[in-house]
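Enquirer: Sequence plus predicted model, see below.
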Amino acid sequence: MSKQRIAVGLCGLGTVGSGVVTLFERHGAALATRCGCPVELTHIGARRDRPDCDTSGYNVSRDIFAVVADPEIDIIVELIGGTTTAYDLVAQALEAGKHVVTANKALMASRGNELAALAEQKGVALRFEAAVAGGIPVIKTLRESLAANAIDSIAGIINGTGNFILTEMAKAGRAFEDVLSEAQALGYAEADPTFDIDGTDAAHKLVILATLAFGIPLDIDGPFTEGINSVAPEDLHFAEELGYVIKHLGIAQRVGGQVDLRVHPTLIPRDKQIATVDGVLNTVMVRSDAVGELVLVGPGAGALPTASAVCGDVTDIAQHVARGTTDARPVLGLPTQALQSLPRVSRDDVQSEWYLRMVVSDQPGAMADITRLLGNEGISIESLIQRPPKSGAKEVSVVIITDRASGSGIQRAVDAIEQLEALAGSITMLRVEAFEGS
């Protein structure tokens, strides 16, 4: 049975929530035309007012669950964040037969299997385009546009805060803490930026991408994760001198019958397209058997880009509701019962080239010892920078790019090198990804 009007309830009036209000006011008529009937935001659940967002024309409840209980609401938009109250809210909405749109990557990564199964059981839609890469339509691309492809790998810059910090450090040689403070002042980083800095945010997004790409259940503990706070300005400088840039990447790829999931700072040849994406922009590179390589670039955060993705999902659902039809597309690309777990590749087994930076006493035989210990693990040196000591200095910086080696092999070599009397302090280790063919 078709509907004369579709009512939307918004839970959460933060940055993205206010963006959703703006887009409904700006483009409400266009949404109605696209859907064949009015699509109206009628009820907002917000625990406090937002001075820069006028809600006087809406029914506003301080109890966000009152929005779910509103019998007029067809579609719930969850933008409160977190994984406890948000889970209860979404589950209650699905149980009530309401469609749900969320931007909550932590919720989807941690509880998405349960929520997807519930949505499929109740015959309602659960959409989450805004959970990954803001305004870039990567979820729809993986779930629908590439449905006839076997996806081999995904690599992406999927946290704009980290990309902004590394970009600014590289451009001006600024310290990490200095750029982080600027990112907070500009609104790119939260007051508590831990999840952006330590890689947790990117890992949550990678989990979602891997599920859609490989048909595996969501697994929040799946990726190996490293943050960006170990990257020093000198690493960015040396990388540039060697022909690379450093980006914080999420990488998911098939390796035989296993899946490799990892988030970490990575050296990329500067002539690769993914290496040119700077500032708060995100990018996702997908490689598949039919299309080959596909690169999506765009704003990964912000009120309107993320709200755009939310409203896109609302429109998608509303078009079905308006026609009285059921959106039978599985939440995670495949029906939840068809998702199949695959073993994870140990990070110790992942092969790559490596960037090593160390400080070495300027004494005879030091480099010979380093080369010997790498050679003991079958690792050769591809590139080398050795600075002459400054006047009166007794130590020099040495930077090495190795050939391909496993994580376990390079770690054994590094452990041995760090025992040398000539070595001062610990060694900085970063993976190098060539992305051949990109």
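Expert: Received the coordinates, thanks.

Enquirer: for this structure, what are the low-confidence residue spans?
Expert: 1-2, 391-392, 437-438 (pLDDT under 70).

Enquirer: any idea how far Gly14 is from the nearest residue to Thr102 once chain neighbours are set aside?
Expert: Among residues not flanking Thr102 along the chain, Glu78 sits closest, at 4.3 Å (Cβ to Cβ, 6 or more residues apart in numbering). C-betas here are computed from N, CA, C, even on glycine. To Gly14, Glu78 is 12 Å away according to Cβ to Cβ, to the nearest Å.

Enquirer: The two - which one has more neighbours?
Expert: Set side by side, Glu78 and Gly14 show more neighbours around Glu78, with 29 against 14, by other Cβ atoms under 10 Å.

Enquirer: Now do the contacts for that one.
Expert: Contacts for Glu78 were tallied using Cβ atoms under 8 Å, 6 or more residues apart in numbering; they are 11-12, 86, 89-90, 93, 100-104, 107.

Enquirer: will you turn those into JSON lines that also has secondary structure?
Expert: JSON lines is the format used below for the contacts of Glu78 (DSSP: H, G, I helix; E, B strand; the rest coil):
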{"residue": "Cys11", "secondary structure": "strand"}
{"residue": "Gly12", "secondary structure": "coil"}
{"residue": "Ala86", "secondary structure": "helix"}
{"residue": "Leu89", "secondary structure": "helix"}
{"residue": "Val90", "secondary structure": "helix"}
{"residue": "Ala93", "secondary structure": "helix"}
{"residue": "Val100", "secondary structure": "strand"}
{"residue": "Val101", "secondary structure": "strand"}
{"residue": "Thr102", "secondary structure": "strand"}
{"residue": "Ala103", "secondary structure": "coil"}
{"residue": "Asn104", "secondary structure": "coil"}
{"residue": "Leu107", "secondary structure": "helix"}
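
Enquirer: Out of these, give me the two with the largest separation.
Expert: Of all pairs drawn from the contacts of Glu78, the greatest distance, 14.8 Å, lies between Ala93 and Ala103 (Cβ to Cβ).

Enquirer: burial measure for Leu420, as a count.
Expert: Leu420, neighbours per other Cβ under 10 Å, totals 16.

Enquirer: any chance of the contacts of Glu78 in TSV, with distance to Asp369 and neighbour count too?
Expert: Below are these laid out as TSV (distance: Cβ to Cβ, whole Å; neighbours: other Cβ atoms under 10 Å):
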residue	distance to Asp369	neighbour count
Cys11	61	27
Gly12	58	25
Ala86	55	21
Leu89	60	25
Val90	58	29
Ala93	63	30
Val100	60	27
Val101	59	29
Thr102	55	29
Ala103	53	26
Asn104	51	25
Leu107	51	24
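
Enquirer: For Ala189, state which of those is nearest.
Expert: Ala103 (17.6 Å).

Enquirer: my read: the closest one touches Gly312, true?
Expert: No. If you go by Cβ atoms under 8 Å, Ala103 and Gly312 don't touch, sitting 11.5 Å apart.

Enquirer: Ends of stretch 274-292, what's the gap?
Expert: End-to-end distance for stretch 274-292, by Cα to Cα, to the nearest Å: 15 Å.

Enquirer: Run the chain-centre distance for that stretch.
Expert: Mean-position distance between stretch 274-292 and its chain equals 12 Å (Cα atoms, centre = their mean, to the nearest Å).

Enquirer: Also stretch 266-280?
Expert: Distance, centroid of stretch 266-280 to centroid of chain: 16 Å (Cα atoms, centre = their mean).

Enquirer: contacts for it?
Expert: 155-157, 160-161, 163-164, 167, 188, 239-240, 242-249, 251, 283, 285, 295, 297, 299-302, 355, 401, 430-435, 438.

Enquirer: Now it: buried residues?
Expert: By neighbour count on 16 or more other Cβ atoms under 10 Å, the buried set for stretch 266-280 is 266-269, 272, 274-275, 277-278, 280.

Enquirer: Thanks a lot, see you next time.
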